[in-house]
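Undergrad: Sequence isn't available, so here's the structure alone:
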């Protein structure tokens, strides 16, 4: 019962707020900073905070994959030039 009361205490995030959230998230540096603010700032709606945390996790995974792929292709390119 306490969990239900805790969840219903916050209003649902409206569609317009989600549109603004996504638009801000598309701005290169500002979007990343805002994801951290929404995730760990404490004032955001829990729904928006969970979205921001998931987006940060996804961004970290994509970044790590990008680095791995760049290293593999970079090593292959260097090996190709040494022949």
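TA: Perfect, I can see it now. Only a predicted model underlies this, so the values are computations on that prediction, with no experimental measurement involved.

Undergrad: Residues touching stretch 66-76, excluding its own?
TA: Taking contacts as Cβ atoms under 8 Å, 6 or more residues apart in numbering, no residue outside stretch 66-76 touches it. For glycine as for every other residue, the C-beta is placed from the backbone atoms N, C-alpha and C.

Undergrad: any idea how far it is from the chain center?
TA: Distance of stretch 66-76 from its chain centroid, counting by Cα atoms, centre = their mean, to the nearest Å, is 23 Å.

Undergrad: what about residue 20, how many residues close to it?
TA: Using other Cβ atoms under 10 Å, residue 20 has 11 other residues around it.

Undergrad: what does the helix or strand hosting it contact?
TA: Using DSSP states H and E, residue 20 maps to helix 15-25. Applying Cβ under 8 Å, 6+ apart, the contact partners of helix 15-25 are 13, 30-31, 34-35, 38, 48, 51, 55.

Undergrad: can you pull the contacts of residue 56?
TA: Residue 56 touches 35-36, 39, counting by Cβ under 8 Å, 6+ apart.

Undergrad: Reformat the residues you listed as TSV; add neighbour count and distance to residue 20.
TA: Converted to TSV, these look like this (neighbours: other Cβ atoms under 10 Å; distance: Cβ to Cβ, whole Å):
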residue	neighbour count	distance to residue 20
35	20	14
36	12	17
39	19	17
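
Undergrad: quick check, nearest of these to residue 81?
TA: residue 35 (38.7 Å; Cβ to Cβ).

Undergrad: helix, strand or coil for the closest one?
TA: helix (DSSP: H, G, I helix; E, B strand; the rest coil).

Undergrad: distance of it from residue 62?
TA: Applying Cβ to Cβ, to the nearest Å, the value for residue 35 to residue 62 is 13 Å.

Undergrad: cool, residue 72 as well?
TA: For residue 72 relative to residue 62 (Cβ to Cβ), the value is 16 Å.

Undergrad: go on, residue 77?
TA: For residue 77, the distance to residue 62 - Cβ to Cβ - is 22 Å.

Undergrad: if we can go back for a sec, now the helix holding residue 20: how far from the chain's centre is it?
TA: With Cα atoms, centre = their mean as the basis, helix 15-25 stands 13 Å off its chain's centre.
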